[in-house]
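Engineer: show me how the following folds:
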Amino acid sequence: MNKQNNNEAPMPSDTLPECWWDNDRMNALFAPFRNKNVNSEDWNSKLQFWTKFITDWGISNNICSFSIVDLKKAFKRDGRAPGCIQTVVEEMFKSGELQTMDRFMQTPQETWSGWAIDLLVKKPIYWSYTKMKETVVALTDDNTKFVNIKTVKCVSEKILNSINEDYVNKLINFHQLTTLVQSLNITEENLRISLHYLRCTGKISIKENQTTDNTDEDKLLIKFAAKNEKAIPVNDFDISIYALERNEEKLIKMIEELEGKKDAVIADAKAYLAKGMKPLAKNCLRKKLTLEKCIEKRSNILDNVQMLLSQVKETEYQTKVVDSYKKGINAFKSTYKEAGLTEDNVNEVINDVQEVLEMHDEIQSSLGQNLSQTIDLELEEELAELLAAEAEASKPATPEKVLPVEENEDFDKKHEELERRLRALHMNLPSPPKNTPSPQQFGS
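Structural biologist: The predicted structure is shown next:
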């Protein structure tokens, strides 16, 4: 590998492909494409190299558009231009990686109806007409401008990252934007291409003021959207704030200039006094008084503009607060409506919950009962009977009960009375015969 100094390198040396310093390899890459059928793998590899090289070159230098002439000039090596650029551009154009400038810069439709007509009616007719025209005319003209889509995306992302949050959702003119992205070292043409892409992707809104009372700086107004949000179209409120801020800037600049002139007049008056030229010194003082009156008038106007601007911004903030309240209320209403939440429904649900909890407590109470309680009671009764029987068996024998004297006397009386009554009972029965009767006596 033979490394050499190359002051005309298309990119910084640390970003160049390693093979850039290899003469043999670059000679092969600079040569025109051979027949693809001979070696398709080598043909595709060479195309991929140049496609990536052109894209990286555009991203590194913030170049979104170029022609075949521009590429041949940019990629010169040792005074030799690559002989394969024509084929590379053709293939990138066919794959959609490149678009012609005219096609890319078509103004997008901002309304649904305009978009629908553009998509369903105009574009098919336009595409069928222009596709053949682009293929035949654009690729045969080395000065035709092409836009690299990948490069535009990367450069646009760089621009978004360069915008401070103070400029989000706020109108700025094109001149102010060029100041904000000055570090990118991007040309006006490439900046406008990137802005068009950002507009098409909804990252910015653009307002073009073609009225005669606007300066060149104020004819293109840009509003950047917040991160991960869609840009809000420019409205009259945005333009009013922009106009007040521009007037504020102009008034401040005018007052500064008048103050500078006043200081210069005072210096002249002192110089004339030093030279003894009092009439000229008085004339300078008159100019100073005139300038002071102008400064006072401008200052009063500036105070009014600043006060009005402050009130407008406060109104904007209050409007946003009210809008946020409305959105919050609508969100709550929508949530309640979707969920079917009403006071009656909530009370009904609360009652159902209480009933379910009561049922749950009853179930838990039932499940918590001791199933062996009845058996335990029976066992305890039986055990008590056994203990009582054992206690009865272990007691000593008790003597027969002796009746008291009074009870014995009553018993004797009753016994005597019974005997007496038995004796009183008698029956008159015949006396038994002395002889035993014979059988014949029974028969007669």
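
Engineer: rest of the way, CA atoms for contacts and neighbours
Structural biologist: Will do.

Engineer: pLDDT weak spots in this protein?
Structural biologist: In the predicted model, the chain carries pLDDT under 70 at residues 1-8, 107-140, 210-216, 368-376, 395-412, 415, 421-444.

Engineer: grab the most central residue of it for me.
Structural biologist: In the chain, the centroid-proximal residue (CA atoms, centre = their mean) is Asn228; its distance is 8.2 Å.

Engineer: can you verify that one is assigned to a helix?
Structural biologist: No: counting by DSSP: H, G, I helix; E, B strand; the rest coil, Asn228 is not part of a helix but coil.

Engineer: so how far is Thr201 from it?
Structural biologist: Between Asn228 and Thr201 the computed distance is 12 Å (CA to CA, to the nearest Å).

Engineer: please apply the same query to Ala74.
Structural biologist: 30 Å.

Engineer: so Ile63, which state does it fall into?
Structural biologist: coil.

Engineer: doesn't Ile149 make contact with it?
Structural biologist: No: judged on CA atoms under 8 Å, Ile63 makes no contact with Ile149 at a distance of 11.0 Å.

Engineer: so for those two, which residue has more residues nearby?
Structural biologist: Ile63 (24 against 17; other CA atoms under 10 Å).

Engineer: quick one, what contacts the residue nearest to the more buried one when sequence neighbours are not counted?
Structural biologist: In space, Ile63 comes closest to Asn190 once its chain neighbours are excluded; the distance is 6.2 Å by CA to CA, 6 or more residues apart in numbering. Counting by CA atoms under 8 Å, 6 or more residues apart in numbering, Asn190 makes contact with Asn62, Ile63, Cys64, Ser65.

Engineer: quickly find the element holding Asn247.
Structural biologist: helix 236-275 (DSSP states H and E).

Engineer: name the next helix or strand following that helix along the chain.
Structural biologist: helix 278-339.

Engineer: can you name the next helix or strand after that next one?
Structural biologist: In N-to-C order, the element after helix 278-339 by DSSP H and E is helix 343-367.

Engineer: may I have the phi/psi pair for Asn143?
Structural biologist: Backbone geometry at Asn143, expressed as degrees, to the nearest 10, gives phi -100, psi 0.

Engineer: quick one: it from Thr51, how far?
Structural biologist: Separation of Asn143 from Thr51 (CA to CA) stands at 19 Å.

Engineer: neighbour-wise, which of the two wins?
Structural biologist: Thr51 (18 against 13).

Engineer: show me the contacts for the more buried one.
Structural biologist: Thr51 sits next to Val88, Met92 when contact means CA under 8 Å, 6+ apart.

Engineer: helix or strand for it, which one?
Structural biologist: Counting by DSSP H and E, Thr51 is found in helix 40-61.

Engineer: buried residues in that helix?
Structural biologist: Going by neighbour count (16 or more other CA atoms under 10 Å), the buried part of helix 40-61 is 46-47, 50-51, 53-61.

Engineer: what's the closest of those to Ala9?
Structural biologist: Using CA to CA, Trp57 comes nearest to Ala9 of those, at 10.3 Å.

Engineer: test my guess that that closest one contacts Ser13.
Structural biologist: No: with contacts counted by CA under 8 Å, Trp57 stays clear of Ser13, the gap being 11.7 Å.

Engineer: quick check: what element follows the helix holding Thr51 along the chain?
Structural biologist: Using DSSP H and E, the helix or strand that directly follows helix 40-61 along the chain is strand 65-66.

Engineer: please name every helix or strand in contact with that next one.
Structural biologist: When contacts are defined as 3 or more CA pairs under 8 Å, 6 or more residues apart in numbering; DSSP states H and E, strand 65-66 sits against strand 146-148.

Engineer: any chance you could list what contacts the next helix or strand after the strand it packs on?
Structural biologist: Later in the chain than strand 146-148, the nearest helix or strand by DSSP H and E is helix 149-162. Here helix 149-162 makes contact (CA under 8 Å, 6+ apart) with 55-56, 58-59, 62-64, 97-99, 180-181, 184, 193-195, 197-198.

Engineer: again, but for stretch 340-358
Structural biologist: Contacting residues not belonging to stretch 340-358 are listed as Tyr336 [CA under 8 Å, 6+ apart].

Engineer: that one: how far from the chain's middle?
Structural biologist: Here stretch 340-358 shows a centroid-to-chain-centroid distance of 35 Å under the convention CA atoms, centre = their mean, to the nearest Å.

Engineer: repeat for stretch 163-170
Structural biologist: 20 Å.

Engineer: please apply the same query to stretch 175-187.
Structural biologist: Averaging C-alpha positions (CA atoms, centre = their mean) puts stretch 175-187 30 Å from its chain's average.

Engineer: got the contact list for that stretch?
Structural biologist: Residues contacting stretch 175-187 (CA under 8 Å, 6+ apart): Asn61, Asn62, Ile63, Lys158, Ile159, Ser162, Ile163, Glu188, Glu217.

Engineer: by neighbour count, which of those wins?
Structural biologist: That'd be Ile63 among these, by other CA under 10 Å, with 24 neighbours.

Engineer: can you confirm Ile206 is in a helix?
Structural biologist: No: Ile206 sits outside any helix when classified using three-state DSSP, being strand.

Engineer: next, the spatially closest residue to it that is not a sequence neighbour: phi, psi?
Structural biologist: If the residues on either side of it in the chain are set aside, Ile206 comes closest to Ile222, at 4.7 Å by CA to CA, 6+ apart. Main-chain dihedrals, Ile222, degrees, to the nearest 10: phi -130, psi 140.

Engineer: Ile222 pairs with what?
Structural biologist: With DSSP bridges as the criterion, Ile222 is bridged to Ile172, Ile206.

Engineer: wait, isn't it in contact with Phe174?
Structural biologist: Yes: Ile222 is within contact range of Phe174, at 7.2 Å (criterion: CA under 8 Å).

Engineer: between those two, which is the more surrounded one?
Structural biologist: Neighbours were counted for Ile222 and for Phe174 using other CA under 10 Å; Ile222 has more, 25 against 19.
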